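# Provided below for reference: sequence and predicted model.
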Amino acid sequence: MRSTFLFLLVCVYITGFSQKPKGLFENHEIIEMTIKADFKTIFKEIREERDSAYHKGVVYYKTINNTIDTIKINLKPRGNFRKSPDHCAFSPLFIKFSKKQSKNTPFEGLKKLKLVTHCNNSKKIYEQYVLKEYLVYRTYNVMTDSGFHVRLARITYIDESGKSKDLIKYGFFIENDNQMAERLGGKIIKIKNINQDRTNYKLVNLMAVFLYMVGNPDWSVALLHNIKIVQTTPFELPLAVPYDFDYCGVVNTSYAAPAEVLGIDAVTERIFRGFCRSEEEFQSTFDIFRDKKEEIYNLYKNLEPLNEKSLKWSLNYYDKFYETINNPKKVKDDFLKKCWPNRE
């Protein structure tokens, strides 16, 4: 039987370091990198419904001294919907780094990272989906630091088997769960049935409105669905941290469909899924979004790979959100009447 271990060659070119490489998530410059692997075999394992094993590999990257350094790594396909070959031709990936190998590199201390990929090799719109999902994470970072950090990469994929043409696509790395929690001064807890109001009150209010803004009804604090819970100290309420945004209305992927229980026809239809608050409390939260509007819009305007169509769609989608929160009748209809009562 052919060994499931493959050799992965990854060339990462990172410039602009003064003394030592900055951490991966310390700036937002686009990373240029090349990944060479036997992708045909990797994705064949998925089609044959074999358990995804980690595959050995090596990272080659350019140092501040213009020399090439190496890091031994492991990687494997990941995900649920996007991992299925019925939905995506190119699966998202996990990439693992050893502590010893990654020391004094941009990947130092990062252990295991998620890489969000382009899903479809031929249609350019799938790259735009990646960019728009990346920008949702960045938008949440504008609102609060209690979220996952991300880093955009422009990746050349080379199939080691020579069966496929080289691909140049955008993808992005997502901060590891435990390292996100550590950065926030806490740790991940996996306890279900946590009431929204048993988490940090101000943050969960912000998060619920944010998820309405980006058109994401696909979350639940109680079920830990697309939510991580971070406990900082025993004396403070934990933090609810959202993730996985490809089903958001502002991303508007062709494969996204809302759950029937939500009563909406498309993910682009907004529905508020947070707990009920007074009008004064909602307005206080809305003020944060009003203050951050220009910074959010500039994120989209300044991301060069985002094409004009995607930019226009995204900003028009956000315009409708701002129209809603600035209209008392719409606030009443969309928030005060449709919020979830806390029945604890």
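Looks like it came in fine.

# what's the next secondary structure element after the helix or strand encompassing residue 295?
Applying DSSP states H and E as the criterion places residue 295 in helix 279-301. Using DSSP H and E, the helix or strand that directly follows helix 279-301 along the chain is helix 308-325.

# Residues touching that next one, excluding its own?
Here helix 308-325 makes contact (CB atoms under 8 Å, 6 or more residues apart in numbering) with 128, 131-132, 135, 212-213, 215, 249-250, 252, 268, 270, 286, 289-290, 293, 296-297, 300-301, 306, 330-331, 334. (Each C-beta comes from the backbone N, C-alpha and C, glycine too.)

# Quick one, which of those are buried?
128, 131-132, 135, 212-213, 215, 249-250, 252, 268, 270, 286, 289, 296-297, 300, 306, 331, 334 (16 or more other CB atoms under 10 Å).

# In strands, which of those appear?
Among the buried ones among the contacts of helix 308-325, no member falls in strands (criterion: DSSP state E).

# So which of these belong to helices?
Applying DSSP state H to the buried ones among the contacts of helix 308-325, the entries found in helices are 128, 131-132, 135, 212-213, 286, 289, 296-297, 300, 331.

# Torsion angles phi and psi at residue 142?
phi -70, psi -40 (degrees, to the nearest 10).

# these two touch, right, it and residue 292?
Yes: judged on CB atoms under 8 Å, residue 142 makes contact with residue 292 at a distance of 5.4 Å.

# that's a helix at residue 204, yeah?
Yes: with DSSP: H, G, I helix; E, B strand; the rest coil as the criterion, residue 204 is part of a helix.

# about what we covered before: so which other helices or strands are in contact with the helix holding residue 295?
Secondary structure elements in contact with helix 279-301, counted by 3 or more CB pairs under 8 Å, 6 or more residues apart in numbering; DSSP states H and E, are helix 125-143, helix 201-213, helix 308-325, helix 328-331.

# To residue 186, which of these lies closest?
The closest of the helices and strands packed on helix 279-301 to residue 186 is helix 201-213. By CB to CB, the value is 12.5 Å.

# Name the residues of the closest one that are buried.
Buried, per 16+ other CB under 10 Å, within helix 201-213: 203-213.

# Ok, stretch 246-256 next?
246-253, 256.

# I'd like these as a markdown table, with distance to residue 154 and pLDDT appended.
Formatted as a markdown table, the buried residues of stretch 246-256 follow (distance: CB to CB, whole Å; pLDDT from 0 to 100):
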| residue | distance to residue 154 | pLDDT |
| --- | --- | --- |
| 246 | 19 | 91 |
| 247 | 25 | 92 |
| 248 | 23 | 96 |
| 249 | 26 | 96 |
| 250 | 22 | 98 |
| 251 | 19 | 97 |
| 252 | 23 | 94 |
| 253 | 20 | 91 |
| 256 | 25 | 82 |
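
# Could you export those to TSV, including columns for distance to residue 118?
Below are these laid out as TSV (distance: CB to CB, whole Å):
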residue	distance to residue 118
246	11
247	17
248	17
249	20
250	18
251	13
252	16
253	12
256	16
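
# For the nearest residue in space to residue 95 that is not next to it in sequence, pull up the helix or strand it's in.
In space, residue 95 comes closest to residue 75 once its chain neighbours are excluded; the distance is 4.8 Å by CB to CB, 6 or more residues apart in numbering. Per DSSP H and E: residue 75 is located in strand 68-77.

# hang on, isn't the residue nearest to residue 95 packed against residue 52?
No: assessed by CB under 8 Å, residue 75 is found out of contact with residue 52, at 9.8 Å.

# So for those two, which sits in the more crowded spot?
Shown here are residue 75 and residue 52; by other CB atoms under 10 Å, residue 75 has more neighbours (24 against 18).

# got a pLDDT number for that one?
Listed pLDDT for residue 75 reads 80.

# where in the stretch 1-150 of the chain is pLDDT low?
Scanning the stretch 1-150 of the chain for pLDDT under 70 picks out 1-21, 47-51, 60, 62-64, 68, 85-86.

# domain assignment for this structure?
9-175, 184-336 (automatic domain parsing).

# Nearest to residue 342, out of those domains?
Per CB to CB, nearest to residue 342 of these: domain 184-336, 4.8 Å.

# How far does the strand holding residue 75 sit from its chain's centre?
21 Å (CA atoms, centre = their mean, to the nearest Å).

# pull the CA atoms of stretch 284-297 into PDB?
The C-alpha trace of stretch 284-297 is given here as PDB (Å, rounded to 0.1, in the frame of the first residue of the first chain):
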ATOM      1  CA  SER A 284     -25.600  52.400  22.500                       C
ATOM      2  CA  THR A 285     -24.400  49.300  20.600                       C
ATOM      3  CA  PHE A 286     -25.300  50.900  17.300                       C
ATOM      4  CA  ASP A 287     -23.200  53.900  18.200                       C
ATOM      5  CA  ILE A 288     -20.100  51.700  18.100                       C
ATOM      6  CA  PHE A 289     -20.900  50.700  14.500                       C
ATOM      7  CA  ARG A 290     -21.600  54.300  13.500                       C
ATOM      8  CA  ASP A 291     -18.200  55.300  14.900                       C
ATOM      9  CA  LYS A 292     -16.400  52.500  13.100                       C
ATOM     10  CA  LYS A 293     -18.200  52.900   9.700                       C
ATOM     11  CA  GLU A 294     -15.500  54.800   7.900                       C
ATOM     12  CA  GLU A 295     -12.800  52.400   9.100                       C
ATOM     13  CA  ILE A 296     -14.800  49.400   8.000                       C
ATOM     14  CA  TYR A 297     -15.500  50.800   4.600                       C
END
